[in-house]
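1. Here you go, sequence then predicted model.
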Amino acid sequence: MLRIRNPILARLLSSSPASPIFPLHRLLSTAAAAGPPKPSFAIQEYLVETCGLTRARALKASAKLSHLKSPYKPDAVLAVLAGIGLSGADIAALVAKDPLFLCTGVDRTLGPNLAELTGLGLSRTEIACLVSLVPACFRCKSIVSNLPYYLSLFGSYENVLRLIKNNSSILRGSLAKKVKPNVAFLQNCGLGACDIAKLFIGAPWVIGMKPERLQAMVACAQGLGIPCGSGMFRHALSAVRFHSKEDVAAKLDYLKKTFRWSDAEVGIVVSKVPHVLVRRKNMQRRSAFLISEVGLEPAYIAHRPALLTCSLEGRLRPRYYAMKFLKENGLLKRDPSYDTVVKLTEKVFMEKFICPHKEAAPHLAEDYATACRGEVPSRFRFA
């Protein structure tokens with residue numbers, strides 16, 4: 001619980017009604033009348049005793065607040081935070097996250113920001129959540145100017161909050177230089193407001209990109225056969241994000257050679273699993289295993305790209321060895337396709353193919369677990 005040193009502020013908080021931002025104007029005037037600075041002020045003790053930080057966190061936070069000579073400004077900030085409904089634990093977490101928040105000017109910065117958010121129709125709970133999420137933004141002169149646009153674009157406060165959690169810079173960035181041009185470009189590509197909102201929430205880094213870079217990335221994604229409205233579109237943008245057109249072409253060529261695919265086949269793979277472009281590790285070993293050992297045709301793999309996303313050591317090899325063991329020992333009633341076996345969850349695979357054979361193959365579960373750790377048990381080695 002907060003222990004505000006100023007008794008006037010403490011009494012005010014204890015009697016504040018629950019209406020949104022009701023005590024704000026009273027908090028501001030009371031904070032101003034708090035009196036002259038105390039002759040001595042130990043910031044580390046203040047952080048522990050008043051803000052509720054642990055000793056370790058207080059020591060770390062105090063390094064950024066060594067210039068404070070009195071509790072005058074921090075007391076005013078804490079009073080406002082408590083006034084909008086933050087608990088003692090919430091405030092302690094906020095101060096630990098952003099110690100400089102205690103230096104925020106209540107009358108010039110924090111107060112006006114809270115009042116403007118109330119004017120937008122946000123509830124006290126919504127404002128408190130926003131303050132806890134991005135406290136540093138509330139140390140700016142104004143963070144409110146961008147919010148009406150985002151509320152309109154995303155349709156709800158909850159959607160805006162999801163975006164802010166991943167990209168708080170949108171509250172301070174320029175709408176005119178990047179955001180609005182990017183939205184207009186995506187609209188010209190055929191995306192509706194709902195599609196754009198989903199894209200920005202799923203890939204929050206897109207919203208603040210330089211327009212020319214976003215346009216190049218979209219052109220690259222479309223060149224891979226992935227239209228803007230596709231569910232794979234944001235994954236395609238992520239896959240080509242740090243790569244030039246030449247880099248992408250080289251990666252496609254690498255995949256074609258490694259898996260012996262045609263242009264059409266590599267196109268099928270990339271359109272379904274764009275991130276295959278950035279997963280070069282183990283691709284040659286994966287190809288050798290699937291084609292040479294399992295005996296799959298390149299075209300079969302191309303039409304079942306999940307085989308490229310599963311762990312080679314953790315899933316592809318162990319399940320192949322387990323199924324081969326069951327088949328060679330006559331323990332399979334039917335012979336499911338390798339692709340079907342690979343896509344099963346671990347729980348379902350164990351229930352269908354491992355557990356039923358405890359008596360006929362008592363070491364199967366142990367051998368399968370060993371194989372999942374990257375080792376090949378002797379019973380799984382076949383001539």
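-> Everything's here; your move. Numbers count the residues shown, from 1 in each chain.
2. Distance check, residue 274 against residue 239.
-> As judged by CB to CB, to the nearest Å, residue 274 and residue 239 stand 4 Å apart. Backbone N, C-alpha and C define where each C-beta goes, glycine included.
3. What of residue 222?
-> Residue 222 is 13 Å from residue 239, by CB to CB.
4. So between those two, which is more surrounded?
-> residue 239 (25 against 15; other CB atoms under 10 Å).
5. per-residue confidence for that one?
-> Reading off the confidence values, residue 239 has pLDDT 85.
6. wait, what's in contact with it?
-> Going by CB atoms under 8 Å, 6 or more residues apart in numbering, residue 239 touches 274, 275, 276, 277, 278.
7. Same check on residue 121?
-> With contacts defined as CB under 8 Å, 6+ apart, residue 121 is in contact with no residue.
8. Can I get the contacts of residue 239 in a markdown table including pLDDT and neighbour count?
-> Listed next are the contacts of residue 239 as a markdown table, based on pLDDT from 0 to 100; neighbours: other CB atoms under 10 Å:
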| residue | pLDDT | neighbour count |
| --- | --- | --- |
| 274 | 89 | 23 |
| 275 | 86 | 14 |
| 276 | 87 | 20 |
| 277 | 85 | 22 |
| 278 | 80 | 14 |
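9. Tabulate those residues (CSV), appending distance to residue 95 and secondary structure.
-> Formatted as CSV, the contacts of residue 239 follow (distance: CB to CB, whole Å; DSSP: H, G, I helix; E, B strand; the rest coil):
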residue, distance to residue 95, secondary structure
274, 42, helix
275, 39, helix
276, 45, helix
277, 43, helix
278, 39, helix
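10. can you tell me which two in these are farthest apart?
-> Pairwise distances across those (CB to CB) peak at 8.7 Å, for the pair 274 and 278.
11. just the contacts of residue 239 now: which is nearest residue 289?
-> Nearest to residue 289 among the contacts of residue 239, with distances taken as CB to CB, is residue 276, at 16.1 Å.
12. can you give me the mean pLDDT across stretch 106-126?
-> The pLDDT scores in stretch 106-126 average 88.
13. Only the buried residues of it, if you could.
-> Buried residues in stretch 106-126, counted by 16 or more other CB atoms under 10 Å: 106, 109, 110, 111, 112, 113, 114, 117, 118, 122, 124, 126.
14. Over to stretch 83-102?
-> Residues 83-86, 88, 90-96, 98-99, 101-102 are the ones in stretch 83-102 that count as buried (16+ other CB under 10 Å).
15. Which residue, other than its chain neighbours, is closest to the most centrally placed residue in the chain?
-> Residue closest to the mean C-alpha point of the chain, counted by CA atoms, centre = their mean, is residue 166 at 5.7 Å. Of all residues not flanking residue 166 in the chain, residue 204 sits nearest, at 4.0 Å (CB to CB, 6 or more residues apart in numbering).
16. Phi and psi next, for that neighbour.
-> Backbone geometry at residue 204, expressed as degrees, to the nearest 10, gives phi -60, psi -20.
17. who's in contact with it?
-> 163, 166, 167, 170.
18. Which pair of those spans the longest distance?
-> Farthest pair in these (CB to CB) is 166 and 170. Separation: 9.5 Å.
19. circling back to that earlier point, ok, which pair from the buried residues of stretch 83-102 is furthest apart?
-> Greatest spacing in the buried residues of stretch 83-102, by CB to CB: 85 and 99 (21.4 Å).
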